[in-house]
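> model the following, please.
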Amino acid sequence: MPAAATLAHSWLCFSSAQRPSSSSAAAAASLPTSISTSNSEDNNQCNLLPATKPKSLLDKHPLWQPTHTNISLQFKEKILCLEVMGVDSGKALSLNPSLHTASLESIHSIITFLESKGIQQKDMGRIFGMCPQILTSDIKSELNPVFKFLSYDLAVPDQDFRRVINKCPRLLISSVQDQLKPALFYLQRLGFKDVQQLIYQDPVLLVSNVEKTLIPKLDFLVSLGFTRTEAIGMVLRCPGLFTFSIENNFKPKFEYFVKEMEGSLEELKGFPQYFAFSLEKRIKPRHLEALSKGVKVPLPLLLKSTDDEFQELLIRRPGLCG
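You can find the predicted model right below:
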């Protein structure tokens, strides 16, 4: 919501030197009594909040209740800043405890820096909600290197920064030297030559740990009976294989494919996208329906066709076989 993001950015995420003057004193009258304090300095600071603040957010948040008056006004402002941007402050503080001590000035600096890179205010609620660690990142040593990596290593033009970051906010909390570059090098060695496709379609691979995520999943495919060359060919055709859980995806789907569908490794090698479909919502129902009609449907047709196409396939081609 752009209006809310603007409110947060303009009124709450500012340094003490930038705070509004007494011209906003009239706003204090509209503040709920639950945030007033006996301290005169805190009462004066209440003038910092706009008269048009979203009361529903304040009223519902526990930090604004009378029993929490011992919490500093600046911390409350920080909570409101997050909430108005659309960030679940409780979740953000839980995932990133450093936010408790982060200043409004530092948060404002992060927002300003991201805006300079083309990220729009309407994007920030989702980005910070997914990765609240960004809000306490160091601009010089952590954030700026990521944008340099996008520019120099992946040839992403400045105007596309927003598209890439929205696609994968985790890029902003990933170490260039320890994570992004090693992942890029490993993927290129495997045969991912099109870095543009990698960054625009599968950037999550770049934030995946090589030793703990990418290599184990490739090794698991080999353990199923594929050669290493065949396994590499499968992930090149379907990069999503690197994002699937071994325990929750590969194992149950492979077991069903072999035992119930009596499929072959050759079929999976030709259609590795099989693992991208839901076992309960697509694979099992389609297989059981085809089985009940005595029809053997090739794997791609079985799973890729729409519901109407699948029904038509069963009616018009009862003798179809793979």
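> how many other residues sit next to the residue nearest to Arg286 when sequence neighbours are not counted?
Closest residue to Arg286 apart from its sequence neighbours, by CB to CB, 6 or more residues apart in numbering: Leu302 at 5.3 Å. Where you see a C-beta, it was placed from the backbone N, CA and C, and this is true even at glycine. Using other CB atoms under 10 Å, Leu302 is surrounded by 23 other residues.
> lowest average confidence, helix or strand, in the chain?
Least confident helix or strand of the chain, by mean pLDDT, DSSP states H and E, is helix 40-45 with a mean of 37.
> just to revisit the earlier point, does the residue nearest to Arg286 touch Leu288 like I think?
No: here Leu302 lies out of contact with Leu288, judged by CB atoms under 8 Å, at a distance of 11.1 Å.
> contact partners for the residue nearest to Arg286?
Shown in contact with Leu302 (CB atoms under 8 Å, 6 or more residues apart in numbering): Arg286, His287, Ala290, Phe310.
> which element is the first one on?
Element membership of Arg286, judged by DSSP states H and E, is helix 284-292.
> could I get the pLDDT score of Gln74?
Confidence at Gln74, expressed as pLDDT, is 76.
> the strand or helix carrying it: what's the following helix or strand?
Following DSSP H and E, one finds Gln74 within helix 73-84. As assigned by DSSP H and E, the chain's next helix or strand after helix 73-84 is helix 89-95.
> what about that following helix, average pLDDT?
88.
> give me the next element, helix or strand, following that helix.
Heading C-terminal from helix 89-95, the first helix or strand you meet, by DSSP H and E, is helix 104-116.
> helices or strands up against the helix or strand following that following helix?
Sequence-wise, the next helix or strand downstream of helix 104-116 (DSSP H and E) is helix 121-130. Applying 3 or more CB pairs under 8 Å, 6 or more residues apart in numbering; DSSP states H and E, one finds that helix 121-130 contacts helix 2-7, helix 89-95, helix 104-116, helix 161-167.
> neighbouring contacts of the last one?
It stands for helix 161-167. Helix 161-167 is contacted from outside by 114, 117-120, 123, 126-127, 147, 150, 156, 171-172, 199-200, 203, using CB under 8 Å, 6+ apart.
> neighbouring contacts of the following helix or strand past that helix?
Elements were assigned by DSSP H and E; along the chain past helix 161-167, the next helix or strand is helix 181-190. Contact partners of helix 181-190, identified using CB under 8 Å, 6+ apart, comprise 149, 153-154, 195, 198, 205-210, 214-215, 218, 232, 235-236.
> helix 181-190: which residues count as buried?
By 16 or more other CB atoms under 10 Å, the buried positions in helix 181-190 come out as Pro182, Ala183, Leu184, Tyr186, Leu187, Leu190.
> before we move on, what about stretch 211-227?
Judged by neighbour count (16+ other CB under 10 Å), stretch 211-227 contains these buried residues: Leu214, Lys217, Leu218, Phe220, Leu221, Phe226.
> wait, the fifth one sits on Phe244?
This means Leu221. No: applying CB under 8 Å, one finds Leu221 not in contact with Phe244, separated by 10.4 Å.
> domains of this protein: list them as residue ranges, please.
1-136, 138-200, 209-276, 277-322 (automatic domain parsing).
> with that, I have no additional questions.
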